[in-house]
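1. This is the structure alone, sequence omitted:
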């Protein structure tokens, strides 16, 4: 059974940076790993996805050019480097996994809070 654990959240001023980490156990080889976020009163939003097997990435328009998703398969870890943070990036950030080719992210971490002040 896969387990995911996020870390690295915190409070930062606008324009600052944070790096989130997601450590996973028993991640299947054909996994697509994603970062999502949800702000209070808002729908959950997909931020970035990376394919475990080849590192291919996809980003939401709202974070392109500012956020970078990466991975270290030897350490079973995915990262989300967040630069030029804006107050609207404030949210709980979640790591998730699905089998590439399927639609549903079936495995989720507990989340890590990111707060950006103006």
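-> Yep, it's here. Note that the coordinates shown come from a computational prediction; the quantities given were computed from them, not determined experimentally.
2. The nearest residue to residue 8 once chain neighbours are set aside - how many residues pack around it?
-> Using C-beta to C-beta, 6 or more residues apart in numbering and skipping the chain neighbours, the partner closest in space to residue 8 is residue 20 (4.2 Å). The way it works is simple: take the backbone N, C-alpha and C, and place the C-beta from them, glycine included. When neighbours are counted by other C-beta atoms under 10 Å, residue 20 registers 24.
3. What pairs with the helix or strand hosting residue 20, parallel or antiparallel?
-> Using DSSP states H and E, residue 20 falls within strand 18-25. Strand 18-25 pairs in its sheet with strand 3-7 (antiparallel), strand 77-82 (antiparallel), by DSSP bridges.
4. quick one, which of the ones you listed is packed in tightest?
-> strand 77-82 (a mean of 22; mean count of other C-beta atoms under 10 Å).
5. Let me see the mean pLDDT of it.
-> Mean per-residue pLDDT for strand 77-82: 97.
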